[in-house]
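# Could you look at this predicted model? Sequence included:
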Amino acid sequence: MWEMNVEHLEYFVTVAQVGSINKAAHALFISQPHLGKILRDLEDEVGVILLQRTRHGVSVTPEGMEFLKHAKKMLAEFQEIRELKCSVGRDDNALEVSMTKFSHIMESFIATVLRHKDEPEFSHQLNEGSPQDVVDDVFSNLSKVGVLNFDTQRKSRFLANLESKRLEYCFLAHVEPHILVAEDHPLIKAGKPVNLQTLAEYGFVRYIGQYEDFANRIRSEQGVRNLNNSKRIVYTHGRSTLLHMIGNSDFYGIGIYDFRVQESVYNVRSIPIENCTGSLEFGYIYPRGQALSSISREFIDDLKERFSTIK
């Protein structure tokens, strides 16, 4: 269910260097429990104990030292690949975007690309991942612009992370989370209310690896409901798989306000969450001091228009 990536290797190296999960979490702008889970998953993946945990911090085990040596080598090689891409010259007419997994962003990318489909040459790219993946892609110049979201209560912490990487941030919209269910869900057919309480016994569909995503921790007047603790969960990588799963079952998910394709193609309806007290903030980022290309600005303008219609 879990897979190791470059970001997790960077997390491990940071913990090994500072000797403390708490200090590393602060430096990485993530929570200590989330970092702890990533490290445990990493140890499960490689099959050995990498860190010895004590009341005073952590120390690297002999097996961890061997893993650390290879992790540093892999990160160095990956950095060389990043720098190689930056040095070969970038096409200002190329739309290179990294985004979190929301269809409004994908729709803007498609619309912008199609408006330029008759050009003699083009090479566009769309990457999807977690908010931190988007930050890393733009910071490393794998993408020219990133579109992401975060919990509004974590804004200061998130912006501090962007500041440390010299990334410019521009606000797009505040959006309330919604429940995603099939148009013919049993609760709807029975005329019963559709909320997090009535859906508790149904399957919950979510993305792999986004344990801290606001969409999985819903705040309401009754407190915080952590959907990661649901008894029945289906993990997916892609948006299409998630929507197909919801549209063809009695499972549910968490997203934002519906859009035309969601209903017509996937048979999925968005329902507001009762008494929700939190919201998502969406924005876009790009390297500070670097002007956006004309096609990137066109993409952002399209995105602004789409987000202006979201409830």
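Looks like it arrived, so ask away.
# remind me which residues of the stretch 151-300 of the chain are low pLDDT?
209-217, 220-222, 258-264 (pLDDT under 70).
# and F171, that one's in a strand?
Yes: assignment of F171 by DSSP: H, G, I helix; E, B strand; the rest coil places it within a strand.
# neighbours around it, how many?
10 (other C-beta atoms under 10 Å). (Glycine included, C-beta is placed from N, CA and C.)
# got the phi/psi numbers for the closest residue to it other than its chain neighbours?
Once flanking residues are discounted, F171 sits nearest to G283: 5.0 Å by C-beta to C-beta, 6 or more residues apart in numbering. Here is the backbone geometry of G283 (degrees, to the nearest 10): phi -160, psi 180.
# Helices of this structure, residue ranges please.
6-18, 21-28, 32-46, 62-87, 103-115, 131-139, 155-164, 186-189, 239-247, 260-266, 294-307 (DSSP state H).
# Most tightly packed of those?
Scoring those by mean neighbour count under mean count of other C-beta atoms under 10 Å gives helix 131-139 as the most buried, with a mean of 23.
# what about stretch 281-292, start to end distance?
21 Å (C-alpha to C-alpha, to the nearest Å).
# quick one: buried residues of it?
E281, F282, G283, Y284, I285, Y286, P287, L292 (16 or more other C-beta atoms under 10 Å).
# So what touches that stretch?
Residues outside stretch 281-292 that contact it (C-beta atoms under 8 Å, 6 or more residues apart in numbering): 102, 134-135, 138-139, 141, 144-152, 155, 162, 166-175, 296, 300, 303, 307.
# What count of nearby residues applies to the residue nearest to G278 when sequence neighbours are not counted?
Ranked by C-beta to C-beta, 6+ apart and with sequence neighbours excluded, the top spatial neighbour of G278 is R219, at 4.1 Å. Neighbour count for R219, taken as other C-beta under 10 Å: 18.
# R219: what's it in contact with?
R225, C276, T277, G278.
# hey, what's it bridged with?
V224 (DSSP bridges).
# Please report the distance of it from A71.
Computed as C-beta to C-beta, to the nearest Å, the R219 to A71 distance reads 36 Å.
# In contact with the nearest residue to H124 once chain neighbours are set aside, which residues?
Nearest residue to H124 in three dimensions, chain neighbours excluded: L95, at 4.5 Å (C-beta to C-beta, 6+ apart). L95 makes contact with F109, T112, V113, H116, H124, Q125, K144, I295, S296, F299 under the criterion C-beta under 8 Å, 6+ apart.
# How confident was the prediction at L95?
For L95, the pLDDT comes out at 95.
# Distance of it relative to F109?
7 Å.
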